[in-house]
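Q: I would like the atomic coordinates for the input below:
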Amino acid sequence: MNLIDKVEASQMKKDLPSFRVGDTLKVYFRVKEGEKTRTQLFEGICTRKRGRGLSATCTLVKEAYGDRVEKTFPLHSPMVEKILKK
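A: Numbering: from 1, shown residues only. Coordinates of the predicted model:
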């Protein structure tokens, strides 16, 4: 294991659920508005899972008020508080 792998391993989250494309997920992430920070929930169906290590991402899609909303989340970002599989 080289130095880059060791640094990445120390920053990766250990509590991520195992999920696949098609699963419904709840992602709690931090949003900064001005000087305040709050936690926002995004619940949707996973349509894409990409990458490995710290660069791993997942894309969720949901319907909101007749529009399709799609968001991509970096799985190991400190802004993502937790991910739950529904």
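Q: ok, then the element right after the strand ranked longest in the chain?
A: When the chain is parsed with DSSP state E, its longest strand is strand 36-50. Scanning forward in sequence from strand 36-50 by DSSP states H and E, the next helix or strand is strand 57-64.
Q: got a list of contacts for that next one?
A: Strand 57-64 is contacted by residues 19, 25, 27, 42-51, 68-75 when judged by C-beta atoms under 8 Å, 6 or more residues apart in numbering. C-betas here are computed from N, CA, C, even on glycine.
Q: between it and strand 36-50, how many degrees?
A: Per axes from the mean of the first three to the mean of the last three C-alpha atoms, to 10 degrees, the angle that strand 57-64 makes with strand 36-50 is 110 degrees.
Q: filter the contacts of strand 57-64 to the buried ones?
A: In terms of neighbour count (16 or more other C-beta atoms under 10 Å), the buried residues within these are 19, 25, 27, 44, 46, 73, 75.
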